[in-house]
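[1] Coordinates for the following, if possible.
(4 chains)
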Protein chains: 2
Amino acid sequence: MSNKQLLLIDDDTELTELLSQYLTPQGYDLDIVHDGEAGIAHATSGKHYDLILLDVMLPKLDGFEVLKKLRMSHLTPILMLTAKGDDLDKILGLEMGADDYLAKPFNHRELSARIKALVRRMSLLPATSAQQNLRLDDVELSPASQQVLCGGQLVELTGTEYSILHLLMLNHGNLVSKEEISEKVLGRKLAPFDRSIDMHVSNLRKKLAVFNPTEKIKTHRGAGYLYLVEV
Amino acid sequence: MSNKQLLLIDDDTELTELLSQYLTPQGYDLDIVHDGEAGIAHATSGKHYDLILLDVMLPKLDGFEVLKKLRMSHLTPILMLTAKGDDLDKILGLEMGADDYLAKPFNHRELSARIKALVRRMSLLPATSAQQNLRLDDVELSPASQQVLCGGQLVELTGTEYSILHLLMLNHGNLVSKEEISEKVLGRKLAPFDRSIDMHVSNLRKKLAVFNPTEKIKTHRGAGYLYLVEV
DNA sequence: AAGGGAGTGTAAAGCTTTTGTAAATAGAGG
DNA sequence: CCTCTATTTACAAAAGCTTTACACTCCCTT
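    Numbering: from 1, shown residues only, chains lettered A, B, ... in the order given. Below you'll find the predicted structure:
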């Protein structure tokens, strides 16, 4: 299982065939689908992908739509491919959350190098922990299903609550500022009188307290929040 | 959150000037150097950079050399720029550890989008809790969680108390004036009859004494405070 | 050695800022 | 239109910072 798992979403079967032949010998396991809906289905199926190669021109759901939907829940690196050499496409793609962009027709070795660079970058850092289940005391969070169990009981969280809990748990024992939560979870800068984070944390505490009244999220006034760990 | 710190290494002053004008308003702080050696010097100076923009054609030490040297010790994302649109160049750069590669002349918006993508990707990773814990005798201070343990027990400090203790511990054995405390911790000049610092120090002593009655903060009348260390 | 001013310790009060949370509102997706 | 979430609003409560007040201490002066 040391092979890197890639998901290729492209309707050009000639190209996918070629890439498969090219990338497989280099130590990649390639899943190939030919339309946007299938792409989403695979990417969210629970299987872990190290990288997603995403074509822009796709049947059913175009690449940008796929990107947007995936980014709502997944942080998997995405490299976009497009037939158009159009700059606007690039910029849109990158600003919407893609990690890299390559215009067709591309040099296979460049694609390979870019894949390698992205995978290397991601694996150098504890980013993989973002995909792993997290368990702290009686709270268990599973990124694959986006579910949280507290003492074995399912806790019904909204997407945002889940993301905040995930961020806090990833950084357990470390202070996480509201600025950071806002930028990483809500994707925007924290505005002066924005109380959203407070509300989400409040709701999160309320939901967790149903199963275990022990306070897990500590407030550091003026600084942020901290997920407590047993010492 | 504060501005992202970029290091631009390029000998083309016209271009660096242009990029500076283009990127600064977008919320980046740009340090610019014009040769490879200075680039290495800056990158390894201890200052944290979120991203390094590196030209290939450089005086003294070319971009690939800089890349190779930097990668021996640093994982800072590197985006390479080059005048040649040569695919081989790109591949080489990426394989040597660059994270992205852009050929000149490039569209500024594409550069901006690629910078944003890299910075975004990096900042999604767990916060760098690089700051080191400080431990003096039985007092242990952890910058990551902004918590203080005394004899293994958590001491509940306010933000200001924590900051003052941090400052004193950093300068343990050295006198720290009230002026300095006021400016570094409270962010203002010490006013004539301001007793705030005295109060904070008083509270700090009181809280630390709960766990260990040994006096740790000594007053130097008319001069400041001093964190005592065992000899 | 006594007196007194300046600096310090600290309790308590006052004030400001931040946070918790219920409730209203806005918005997305059916 | 209904439902589920996210955000905004509003207000109370809490926490923290500063000010005030007064006792005490150091040290210089006489």
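[2] pLDDT score for the residue in chain A that DNA strand D sits nearest to?
    Nearest residue of chain A to DNA strand D (C-beta to the nearest atom of the strand) works out as A:Thr158 at 2.9 Å. Every C-beta, even on glycine, is put in place using the N, C-alpha and C of the backbone. pLDDT recorded at A:Thr158 is 96.
[3] dump the residue contacts of it.
    A:Asn203 (C-beta atoms under 8 Å, 6 or more residues apart in numbering or on different chains).
[4] How about A:Ser182?
    With the criterion set at C-beta under 8 Å, 6+ apart, A:Ser182 makes contact with A:188-190, A:194, A:196-197.
[5] Check the gap between it and DNA strand C for me.
    12 Å (C-beta to the nearest atom of the strand, to the nearest Å).
[6] Write out the residues of chain A neighbouring DNA strand C.
    Neighbours of DNA strand C within chain A, by C-beta under 7 Å from any atom of the strand: A:178, A:195, A:198-199, A:201-202, A:205-206, A:219, A:221-224.
[7] how about A:Ile52, secondary structure?
    Following DSSP: H, G, I helix; E, B strand; the rest coil, the label given to A:Ile52 is strand.
[8] what's the burial count for it?
    Other residues near A:Ile52 come to 25 when the count uses other C-beta atoms under 10 Å in any protein chain shown.
[9] Test my guess that it contacts A:Leu79.
    Yes - the pair A:Ile52 and A:Leu79 passes the contact test of C-beta atoms under 8 Å, sitting 7.2 Å apart.
[10] Chain A: helices as residue ranges?
    A:13-23, A:36-43, A:63-73, A:87-95, A:108-124, A:159-170, A:178-181, A:196-211 (DSSP state H).
[11] tell me the mean pLDDT for the longest one?
    When pLDDT is averaged over helix A:108-124, the result is 90.
[12] Could I get the phi/psi values of the residue positioned nearest the centre of chain A?
    Geometric centre of chain A, nearest residue: A:Leu75, 1.5 Å, by C-alpha atoms, centre = their mean. Backbone geometry at A:Leu75, expressed as degrees, to the nearest 10, gives phi -110, psi 10.
[13] do you know how far it is from DNA strand C?
    Distance from A:Leu75 to DNA strand C, by C-beta to the nearest atom of the strand: 19 Å.
[14] what distance separates stretch A:7-20 from the middle of the whole chain?
    In this view, stretch A:7-20 has its centroid 23 Å away from the chain centroid, taken as C-alpha atoms, centre = their mean, to the nearest Å.
[15] whoops, stretch A:159-176 was the one
    Put simply, stretch A:159-176 sits 14 Å off its chain's centre (C-alpha atoms, centre = their mean).
[16] what's the answer for stretch A:70-77, then?
    With C-alpha atoms, centre = their mean, you get 3 Å for stretch A:70-77.
[17] Just the buried positions in it, please.
    Across stretch A:70-77, burial judged by 16 or more other C-beta atoms under 10 Å in any protein chain shown covers A:70, A:74-77.
[18] possible to save the residues of chain A next to DNA strand C as CSV with distance to B:Leu30, pLDDT and neighbour count?
    Output for those, formatted as CSV (distance: C-beta to C-beta, whole Å; pLDDT from 0 to 100; neighbours: other C-beta atoms under 10 Å in any protein chain shown):
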residue, distance to B:Leu30, pLDDT, neighbour count
A:Lys178, 27, 97, 18
A:Arg195, 34, 97, 10
A:Asp198, 35, 98, 12
A:Met199, 37, 97, 12
A:Val201, 35, 98, 19
A:Ser202, 40, 98, 12
A:Arg205, 41, 97, 14
A:Lys206, 45, 96, 10
A:Thr219, 36, 97, 13
A:Arg221, 35, 97, 7
A:Gly222, 30, 95, 10
A:Ala223, 29, 95, 15
A:Gly224, 28, 97, 20
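[19] Distance to DNA strand D added to the residues you listed, as TSV?
    Listed next are the residues of chain A next to DNA strand C as TSV, based on distance: C-beta to the nearest atom of the strand, whole Å:
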residue	distance to DNA strand D
A:Lys178	12
A:Arg195	4
A:Asp198	7
A:Met199	4
A:Val201	11
A:Ser202	9
A:Arg205	14
A:Lys206	12
A:Thr219	8
A:Arg221	4
A:Gly222	7
A:Ala223	10
A:Gly224	13
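[20] if we can go back for a sec, please pick the buried ones from the contacts of A:Ser182.
    Judged by 16+ other C-beta under 10 Å, buried ones among the contacts of A:Ser182: A:190, A:196-197.
[21] Please read off the pLDDT at A:Asp87 from the model.
    Confidence at A:Asp87, expressed as pLDDT, is 59.
[22] hang on, I meant A:Ser73
    66.
[23] quick one, what contacts the closest residue to A:Pro59 other than its chain neighbours?
    Once flanking residues are discounted, A:Pro59 sits nearest to A:Asp35: 4.4 Å by C-beta to C-beta, 6 or more residues apart in numbering or on different chains. A:Asp35 sits next to A:9, A:11, A:58-61 when contact means C-beta under 8 Å, 6+ apart.
[24] Looking at these, state which has the most neighbours.
    Ranked by the number of neighbours (other C-beta under 10 Å), the contacts of A:Asp35 place A:Ile9 first, at 29 neighbours.
[25] Could you give the bridge partners of that one?
    A:Val33, A:Leu54 (DSSP bridges).
[26] circling back: can you tell me which of the contacts of A:Asp35 are in strands?
    Taking DSSP state E as the definition of strands, the contacts of A:Asp35 contribute A:Ile9.
[27] Go through the contacts of A:Asp35 and name the one nearest chain B.
    Nearest to chain B among the contacts of A:Asp35: A:Ile9, at 18.7 Å, using C-beta to the nearest C-beta.
[28] isn't the closest one right next to A:Pro59, touching?
    No - assessed by C-beta under 8 Å, A:Ile9 is found out of contact with A:Pro59, at 10.7 Å.
[29] joint contacts of those two?
    Shared contacts of A:Ile9 and A:Pro59, defined by C-beta under 8 Å, 6+ apart, comprise A:34-36.
[30] Distance to A:Leu102 added to the helices of chain A, as JSON lines?
    Output for those, formatted as JSON lines (distance: least, C-beta to C-beta, whole Å):
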{"stretch": "helix A:13-23", "distance to A:Leu102": "12"}
{"stretch": "helix A:36-43", "distance to A:Leu102": "17"}
{"stretch": "helix A:63-73", "distance to A:Leu102": "12"}
{"stretch": "helix A:87-95", "distance to A:Leu102": "9"}
{"stretch": "helix A:108-124", "distance to A:Leu102": "6"}
{"stretch": "helix A:159-170", "distance to A:Leu102": "29"}
{"stretch": "helix A:178-181", "distance to A:Leu102": "31"}
{"stretch": "helix A:196-211", "distance to A:Leu102": "36"}
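[31] Stretch A:42-56 spans what distance, first to last residue?
    17 Å (C-alpha to C-alpha, to the nearest Å).
[32] and if you look at stretch A:177-186?
    13 Å.
[33] Same question for stretch A:18-32.
    12 Å.
[34] Show residues contacting that stretch.
    Applying C-beta under 8 Å, 6+ apart, the contact partners of stretch A:18-32 are A:2-8, A:10, A:16, A:42, A:47, A:49, A:53, A:108, A:111-112, A:115.
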